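[1] Just to be clear, the model below is a prediction. Sequence and coordinates:
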Amino acid sequence: MKMEEITYHTTINTDVGMINSEAMIDDIVIGSVSGCPHVGLVSLSVSPQYHRRGIGERLMKEYIFMVKTRTKCRKVVLTTDSTNIAAISLYKKLGFDIQKSCDVEDDCLGDTICTLHI
């Protein structure tokens, strides 16, 4: 069985302050993280068939590195659902502080705030 080679590519749009990293096999995106550090918006996704392979962790580490070295921001803030145990475990592993922010009925993006001071 041939192992698929995963490549990673990061871009920064300085006009809007957006950082985007992608994990790809051939020309197919299998995972990505994007965010605007000054706004605190971060989105992480990995195709389900590629979960549990360290792709999300590598993408987040790249994002954090870029925020730390290319911006004046000194924290990364994101939200997730408290039921997303895999994501919360990853964020804890990366050093994020995790706290419950609101009830799901409060119409927020996620009920758990994750903050990393860098």
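    Arrived safely, thanks for sending.

[2] Now do the same contact list for the most centrally placed residue in the chain.
    With distances taken as C-alpha atoms, centre = their mean, the residue of the chain nearest its centroid is Leu44 (4.0 Å). Shown in contact with Leu44 (C-beta atoms under 8 Å, 6 or more residues apart in numbering): Gly31, Ser32, Val33, Gly56, Leu59, Met60, Leu78, Ala87. The C-beta positions use only the backbone N, C-alpha and C, and glycine is treated the same way.

[3] Which residue, other than its chain neighbours, is closest to the last one?
    Take Ala87 and drop its neighbours on the chain: the residue closest to it by C-beta to C-beta, 6 or more residues apart in numbering is Thr80, 4.7 Å away.

[4] Now for Thr80, how many residues are close by?
    Residues lying near Thr80 (other C-beta atoms under 10 Å) number 23.

[5] actually Arg74, sorry about that
    By the criterion of other C-beta under 10 Å, Arg74 has 11 neighbours.

[6] how far away is the closest residue to Thr10 other than its chain neighbours from Val29?
    Closest residue in space to Thr10, ignoring its immediate chain neighbours: Ser21 at 4.4 Å, by C-beta to C-beta, 6+ apart. To Val29, Ser21 is 10 Å away according to C-beta to C-beta, to the nearest Å.

[7] Check Gly40 too.
    In this view, Gly40 and Val29 are 24 Å apart by C-beta to C-beta.

[8] how about TSV for the contacts of Leu44, with neighbour count and distance to Thr7 added?
    Shown next, in TSV, are these (neighbours: other C-beta atoms under 10 Å; distance: C-beta to C-beta, whole Å):
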residue	neighbour count	distance to Thr7
Gly31	22	11
Ser32	20	13
Val33	26	15
Gly56	23	16
Leu59	23	12
Met60	23	17
Leu78	23	25
Ala87	19	23
